[in-house]
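Q: Take a look and give me a structure for this.
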Amino acid sequence: MTGLVERYLLHNLGLKFLALASAVVLWILIGAEPEMESSLSVPVEFHNVPKDLEMLADQPPTVHLQVKGPKGKVRSVGREQVAVALDLISVRQPGARTFTLDSSQILLPRGVTLVRSMPSQMRLVFEKRLTRDVRVLPRFTGIYPAGYEVAESAVDPPALKIVGPESRVTLVDYVTTDPIDLSRLIGSASFPRNAYLEDPHVRFENLKSVRVNVEMKKK
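A: Numbers count the residues shown, from 1 in each chain. Take a look at the predicted model:
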């Protein structure tokens, strides 16, 4: 048994020493590589978002990171290799919450470390989610044909369901359609259109398109 072990250890001994020496040299070169600092901006990811709460933010938050490490690694770091993730599992009630952004929330490639994040904290405001139906108003444009007027118009469906933070949803009384040009219409026509919400914090629950039926008659 001892002879087998010796033969295994001595087999291709030169190649084994060469591989070991190469590994040592590579380790030394990497260890001796000068460090550098760099910066990049990364969007924040939110995990375990509460199902019954809405987060108020004018735009998706972005964090500016300053990192350091071996020059070769730092230069090759891209946004797709970095993640800033906030776990919202502890958020259960409406109100403002402050989160500290440190290395526990920031994923970096091996060998690259965080110097600082800007901002170092992030305050998020949460509100109760509200869903309600609002009516859809058609938006007509163009100069009507001489002697004609809109005799009748109907929107199908007449109302759409919107959802968002309670304080924002309660301010929305109606939504409008994209413009419908009636300058050449004589008689009846049907126009498929999307409805539009001005408040970016509010969204349609599912359906956002309607059909507007218009009838033009002489005055």
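Q: hey, let's count contacts and neighbours off CA atoms from now on
A: OK.
Q: which residues sit in contact with residue 60?
A: 43-44 (C-alpha atoms under 8 Å, 6 or more residues apart in numbering).
Q: element containing it, please.
A: Residue 60 belongs to no helix or strand when assigned by DSSP states H and E.
Q: Nearest to the spatial middle of this protein, which residue is it?
A: residue 60 (5.9 Å; C-alpha atoms, centre = their mean).
Q: Which residue ranges make up each domain of this structure?
A: Split into domains by automatic domain parsing, the chain comes to 33-119, 129-218.
Q: just so I have it, where are all the helices in this protein?
A: 2-10, 13-32, 71-76, 166-169 (DSSP state H).
Q: Pick out the shakiest of the ones you listed, pLDDT-wise.
A: Lowest mean pLDDT within the helices of the chain: helix 2-10, a mean of 49.
Q: So residue 68 versus residue 45, what's the distance?
A: From residue 68 over to residue 45 the distance is 22 Å, taken as C-alpha to C-alpha, to the nearest Å.
Q: Among these two, which residue is more densely surrounded?
A: residue 68 (19 against 14; other C-alpha atoms under 10 Å).
Q: Excluding chain neighbours, what is closest to that one?
A: residue 37 (4.2 Å; C-alpha to C-alpha, 6 or more residues apart in numbering).
Q: do the same with residue 121
A: With C-alpha to C-alpha, 6+ apart, the residue lying closest to residue 121 is residue 100, at 4.4 Å.
Q: Would you check that that neighbour makes contact with residue 120?
A: Yes: using C-alpha atoms under 8 Å, residue 100 is in contact with residue 120, at 6.1 Å.
Q: top strand in this structure by residue count?
A: Counting residues, the longest strand found in the chain (DSSP state E) is strand 121-137.
Q: so what strands line up beside it?
A: strand 53-56 (antiparallel), strand 95-100 (antiparallel), strand 159-165 (antiparallel), strand 174-177 (parallel) (DSSP bridges).
Q: Could I get the buried residue list for the third one?
A: Judged by neighbour count (16 or more other C-alpha atoms under 10 Å), strand 159-165 contains these buried residues: 159-160, 162-165.
Q: of all those, which comes closest to residue 218?
A: The closest of the buried residues of strand 159-165 to residue 218 turns out to be residue 159 (C-alpha to C-alpha; 29.0 Å).
Q: Identify the residues contacting the closest one.
A: Contacts of residue 159 by C-alpha under 8 Å, 6+ apart are 133-136.
Q: mind redoing it with 6 Å?
A: Applying C-alpha atoms under 6 Å, 6 or more residues apart in numbering to residue 159 gives the contacts 134-136.
Q: measure the residue nearest to the centre of the chain to residue 46 for me?
A: On the measure of C-alpha to C-alpha, residue 60 and residue 46 end up 10 Å apart.
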